[in-house]
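Q: Attaching a predicted model along with its sequence, questions to come.
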Amino acid sequence: MKRIILAFDSFKGCASSQEIADAARQGIAAVFPKCETVVVPVADGGEGTAEAICSNIPVERVSCRVHDPLMNPMEASYGITADGSTAILEMAAASGLPLVPMEKRNPLFTTTWGTGELIADALRHGCRRVVMGIGGSATNDAGIGLLAALGYRFLDERDKELPPVGQSLARIARVDESSVNELLREASFTIACDVNNPFYGSRGAAAIYAPQKGASPDEVAFLEKGMIHYAQVIQETKQMDISEIPGGGAAGGLGGGVLPFLNAELQSGIDIVLDMLHFGETIQGADLIFTGEGKLDKQTGMGKALGGILRYAKQESVPVVAIGGCVEACEMLNEMGFSSVFSIQPAPVSLQEAMNRDFALKNIRQVVTQIMRTIQIGIHG
């Protein structure tokens, strides 16, 4: 073993991709101390996407004052590429669910305004391309908060301006674009999306994600009506049908809601990340790729981070070993192309213990060490 790539997604709620890679590196070094290890933290458009990109390429970190989902002032940051042209940000930095205390979570009243403020700051810094991850939101406002921070005004039937929150969607009659930030004319947006849910419906933003953000069943039904109404307004005023666009329901409908107003396109988050990190070039000549996430199952290879890694690995004929906190459907994962898959759990444990950071990292070191010892047998015959 001369060169191994460590390309982990985070184990959400447990350990970061960098921490996991560090633990795996220790496991490799215990058996192959001279082996080169290359760490490439990855993400699929959810939380950590901006950090995964910014930690792997030269960027200037920029902080600015914005508002959280409840319009409280806060500080948030993003990255600007070395040439000054591209801002790399994620909406979770200003509009993420962890920013809202548990007892105050309700997507009727949260807004993506702070994310719009991040974009406005990037435009002021001269960026004309924005790469934005949209996972982990606290919102179901269809992106009207983001747009309002950029100068769009959402009006009711009496031309009264509405607050840009989920509760207002059902009352929007028209959108006033007379005060829009002029810098948007020169800007393009690449939106990194980690889901393919439509704008509304049984798999839409409100039905699937609003309960996780604090909405009751009645509030979910109210938000659903608002999403349907807003999509109809967009259809009538912008001649664009956002109802069935894959990923349109991402981030509480921001995925679809901004498309009629910004020069934007939705893309697979992992494809954006791996392309920006030149992953195909990085893995050339590697002996092995280690990857993993909290749960390995039949969804693992389908559009998520590990599926993207697998596609690149197949092109370069590099074997991929996956590890996870929980492993299901081993045979299916092997058929997808993973050379082998391993659970890091040494014995039955409680969920609380399994999610303990130090416990998980210790198990990752141990599992990787044992995998490398097995490889060593094959090398030395």
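A: Great, that's in hand. Residues are numbered from 1 along each chain as shown.
Q: average pLDDT for the longest helix seen in the chain?
A: When the chain is parsed with DSSP state H, its longest helix is helix 357-380. Per-residue pLDDT values over helix 357-380 give a mean of 93.
Q: So for it, what gets flagged as buried?
A: Using 16 or more other Cβ atoms under 10 Å as the test for burial, helix 357-380 gives 359-361, 363-369, 371-372, 375. In this view, the C-beta of every residue, glycine as well, is placed from N, C-alpha and C.
Q: And for stretch 315-334?
A: Neighbour-count burial for stretch 315-334 [16+ other Cβ under 10 Å]: Val318, Val320, Val321, Ala322, Ile323, Gly324, Gly325, Val327, Ala329, Leu333.
Q: roughly how far apart are the nearest residue to Phe11 once chain neighbours are set aside and Leu254?
A: In space, and not counting its chain neighbours, Phe11 is closest to Gly294: 4.2 Å by Cβ to Cβ, 6 or more residues apart in numbering. Separation of Gly294 from Leu254 (Cβ to Cβ, to the nearest Å): 24 Å.
Q: what about these two, which has more around it?
A: For Gly294 versus Leu254, the count of surrounding residues by other Cβ atoms under 10 Å is larger for Leu254: 30 against 19.
Q: tell me the contacts of Val66?
A: By Cβ atoms under 8 Å, 6 or more residues apart in numbering, the contact set of Val66 is Pro73, Met74, Glu75, Ala76, Ala94, Trp113, Gly114, Thr115, Glu117, Leu118, Asp121.
Q: now it, what's its secondary structure?
A: Secondary structure assignment for Val66 (DSSP: H, G, I helix; E, B strand; the rest coil): strand.
Q: The one 10 residues further on now?
A: What three-state DSSP gives for Ala76 is strand.
Q: Need the pLDDT of the closest residue to Ser188 other than its chain neighbours.
A: Leaving aside its sequence neighbours, Ser188 sits nearest to Asn263 (Cβ to Cβ, 6+ apart; 4.7 Å). Asn263 is assigned 97 on the pLDDT scale.
Q: Surely Asn263 touches Phe189?
A: Yes: the pair Asn263 / Phe189 is scored as a contact, 6.4 Å apart, by Cβ atoms under 8 Å.
Q: between the two, which one's more packed in?
A: Remark: of Asn263 and Phe189, Phe189 carries more neighbours, 18 against 13, as counted by other Cβ under 10 Å.
Q: Identify each buried residue in the helix or strand harbouring the more buried one, please.
A: Take DSSP states H and E as the rule and Phe189 turns out to sit in strand 188-193. Buried residues in strand 188-193, counted by 16+ other Cβ under 10 Å: Phe189, Thr190, Ile191, Ala192, Cys193.
Q: which other helices and strands contact it?
A: Packed against strand 188-193 by the contact rule (3 or more Cβ pairs under 8 Å, 6 or more residues apart in numbering; DSSP states H and E) you find strand 129-133, helix 250-257, strand 264-268, helix 269-276.
Q: Now the helix or strand just after that strand: buried residues?
A: The first helix or strand that comes after strand 188-193 along the chain, using DSSP H and E, is helix 205-209. Going by neighbour count (16+ other Cβ under 10 Å), the buried part of helix 205-209 is Ala205, Ala206, Ala207, Ile208, Tyr209.
Q: any chance of these in a markdown table, plus distance to Ile309 and pLDDT?
A: Below are the buried residues of helix 205-209 laid out as a markdown table (distance: Cβ to Cβ, whole Å; pLDDT from 0 to 100):
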| residue | distance to Ile309 | pLDDT |
| --- | --- | --- |
| Ala205 | 28 | 96 |
| Ala206 | 32 | 97 |
| Ala207 | 30 | 97 |
| Ile208 | 26 | 95 |
| Tyr209 | 25 | 95 |
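Q: will you turn those residues into TSV that also has distance to Phe338?
A: Formatted as TSV, the buried residues of helix 205-209 follow (distance: Cβ to Cβ, whole Å):
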residue	distance to Phe338
Ala205	31
Ala206	35
Ala207	32
Ile208	27
Tyr209	29
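Q: Show me which of those residues is closest to Met240.
A: Nearest to Met240 out of the buried residues of helix 205-209 is Ala205 (Cβ to Cβ; 17.0 Å).
Q: wouldn't the closest one be in contact with Gly247 here?
A: No: at 10.4 Å, Ala205 does not count as touching Gly247 under the criterion of Cβ under 8 Å.
Q: any common contacting residues for the two?
A: By Cβ under 8 Å, 6+ apart, the residues touching both Ala205 and Gly247 are Asn197.
Q: the bottom helix or strand of this protein by mean pLDDT?
A: Least confident helix or strand, the chain: helix 351-354 with a mean of 85, by mean pLDDT, DSSP states H and E.
Q: Need the residues that contact that helix.
A: Cys14, Gly325, Cys326, Gln345, Phe359, Ala360.
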